[in-house]
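[1] Sequence and predicted model, in that order:
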Amino acid sequence: MSTAEEALARAEQLLVELGARRDELERLAEADDLDGDAAVDLIARLAELAKEIEAELSRARAIADAGA
């Protein structure tokens, strides 16, 4: 597997985790007793995941451009 493919695979893994955290946040929001601290922690993790995904996609793009 090339480095670009590895970066894309990592981005896909991160997207799966992002979806799971988003679902968790939705469940938390629907709860009768909203845990604000947990919600803030989840939102922070979503932001971190989004940055990691962007970095992996940028890495894959740079590798692909270098090989072209």
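    Perfect, I can see it now.
[2] Go ahead and report the secondary structure state at the spatially most central residue of the chain.
    Geometric centre of the chain, nearest residue: Leu49, 3.2 Å, by C-alpha atoms, centre = their mean. Assigned state for Leu49: helix (three-state reduction, DSSP: H, G, I helix; E, B strand; the rest coil).
[3] The residue lying closest to it once chain neighbours are set aside - how many residues pack around it?
    In space, and not counting its chain neighbours, Leu49 is closest to Leu18: 4.5 Å by C-beta to C-beta, 6 or more residues apart in numbering. Where C-beta positions appear, they are placed from N, C-alpha and C, glycine not excepted. Residues within reach of Leu18, counting by other C-beta atoms under 10 Å, total 17.
[4] my guess is Leu18 meets Ala50, correct?
    Yes - in terms of C-beta atoms under 8 Å, Leu18 counts as a neighbour of Ala50; the distance is 7.0 Å.
[5] quick revisit: dump the residue contacts of the residue nearest to Leu49.
    Taking C-beta atoms under 8 Å, 6 or more residues apart in numbering, we find Leu18 in contact with Leu46, Leu49, Ala50, Ile53.
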